[in-house]
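Colleague: sequence and predicted structure below; questions after.
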2 protein chains.
Amino acid sequence: MARISVTDRRELLFAAAVRVLARDGLAALSTRAIVAEAGMSLASFHYAYGSREELLGDIVASVVGGEREAGLAGVLGDASSPEDAVRRALAAYLDLVRTDPGREQGMFELTQHALRTPTLARLATEQYQRYHEVAAELLDHLADRFDRRWDSPTADLARLVISLTDGLTLAWLADRDDAAAERLAALAADAVLTHLEDS
Amino acid sequence: MARISVTDRRELLFAAAVRVLARDGLAALSTRAIVAEAGMSLASFHYAYGSREELLGDIVASVVGGEREAGLAGVLGDASSPEDAVRRALAAYLDLVRTDPGREQGMFELTQHALRTPTLARLATEQYQRYHEVAAELLDHLADRFDRRWDSPTADLARLVISLTDGLTLAWLADRDDAAAERLAALAADAVLTHLEDS
DNA sequence: ACCGGACTGGGACGGTCGACCCAGTCCGGC
DNA sequence: GCCGGACTGGGTCGACCGTCCCAGTCCGGT
């Protein structure tokens, strides 16, 4: 019998849940499936987590916390121009979706579920707030670094960026058309870059 | 006891299911919830439908069939320019989402579910194909009517349009920010109209 | 008028779900 | 060394799920 602290167990269950969510979807994300993935007994679940919903909340919150966009920062480091940066960022995002489709799909399922669940609805709203914040910061940073400016509030452009990435993801998840997705990523980059002016 | 033919019963169950899906979400779309909404007994369900999944398939297929975009055609009739038409169409779509948010959210949930279900995955793909077709036809029609042309294949631009509407919907569903959604709709229209040239 | 097939409703079956209880086992601090 | 609290696993509960069965009811065609 492996004795694990509540803290560690929560992390193990959290990680197991994320794996199950990505692999099998939200509908299959039962407490039993999670503990099986984590190699624990069912009782351990409710010892570490008060309820299944609490864990789902943790997953949504982890997005809000910001572990997700870590990868994008690196892409922008070695960009030679803001045009290059935006194009690279969108291409990198597309790669991320293609590398782990289940993960993105799982996040969509989870967000939709959260929006239907009164207890979790606030978290879903915060999740999108966070998305928009991150995108806005990115745009601001870009303009700053290359001494350019955006012709619209970055808050609005950020919303455009997130809409484009969400839409890109949904379309690719539905038809898995790589070539079309790449062309769309290019169009999306253009759509954003239209609003970039000289300073 | 009301005696109803199988055909009529399927339609009644279908309509009831769509209502439940919009109001309570996919997770609550059980056979019992459907027959309760339709005012039938549980056995009637499996008399009309072989399985719950068959009904879900019907709902997705109805989108493919094209009942959804009927409203958009009217909007374009009295447009004075393609710019006007695109802006109106996106505004009308946003209104549609705001009028019946549950409906759009239900469709997202259903599409995600279909993508996870081998039997239904093909339908979800066809659903997006249909979206893209409708958008492409719309763009073609617009260019034709006003004697203009698009600087990129309408198939690609259609994908951009659908991505923008999907993204717009998801963002509004998450934060219900009307003003931001309207600004985004305007940005989205610009993004598409950038590719419109004189002929 | 009646009969066979279309249709109905109630009830039941096996399964999965989230949650929980409890008797036991381990280990750190005294 | 021993004891109390942290931790474990197995079993169980009630609810809900999709599906099915079956005895009954109605109606159109003959």
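Modeller: It's in. Residues are numbered from 1 along each chain as shown, chains lettered A, B, ... in the order given.
Colleague: quick one: residue A:173 and residue B:114 touch, right?
Modeller: No. The pair residue A:173 / residue B:114 is not scored as a contact, 10.8 Å apart, by Cβ atoms under 8 Å. C-betas here are computed from N, CA, C, even on glycine.
Colleague: and chain A, which residues reach DNA strand C?
Modeller: For chain A, the contact set with DNA strand C under Cβ under 7 Å from any atom of the strand comprises A:1, A:3, A:28-33, A:42-43, A:46, A:50-53.
Colleague: closest to residue A:103 out of those residues?
Modeller: residue A:29 (13.1 Å; Cβ to Cβ).
Colleague: contact partners for that closest one?
Modeller: With contacts defined as Cβ atoms under 8 Å, 6 or more residues apart in numbering or on different chains, residue A:29 is in contact with A:17, A:20, A:21, A:56.
Colleague: can you point me to the longest helix in chain A?
Modeller: helix A:118-145 (DSSP state H).
Colleague: what comes up buried for that one?
Modeller: For helix A:118-145, burial by neighbour count (16 or more other Cβ atoms under 10 Å in any protein chain shown) applies to A:120, A:123-128, A:130-132, A:134-136, A:138-139, A:142-143.
Colleague: who wins on neighbours among the residues of chain A next to DNA strand C?
Modeller: residue A:29 (24 neighbours; other Cβ atoms under 10 Å in any protein chain shown).
Colleague: phi first, then psi, for it.
Modeller: phi -90, psi 60 (degrees, to the nearest 10).
Colleague: what about the spatially closest residue to residue A:10 that is not a sequence neighbour, distance to residue B:143?
Modeller: Distances taken as Cβ to Cβ, 6 or more residues apart in numbering or on different chains place residue A:48 nearest to residue A:10, at 4.8 Å, with adjacent residues excluded. Computed as Cβ to Cβ, to the nearest Å, the residue A:48 to residue B:143 distance reads 59 Å.
Colleague: please apply the same query to residue A:16.
Modeller: 52 Å.
Colleague: what's near enough to touch the residue of chain A found nearest DNA strand D?
Modeller: Using Cβ to the nearest atom of the strand, residue A:43 is the residue of chain A that sits closest to DNA strand D, at 2.9 Å. Contact partners of residue A:43, counting by Cβ under 8 Å, 6+ apart, are absent.
Colleague: any idea how far the spatially closest residue to residue A:129 that is not a sequence neighbour is from residue B:11?
Modeller: Ranked by Cβ to Cβ, 6+ apart and with sequence neighbours excluded, the top spatial neighbour of residue A:129 is residue B:175, at 6.7 Å. Residue B:175 is 36 Å from residue B:11, where distance means Cβ to Cβ.
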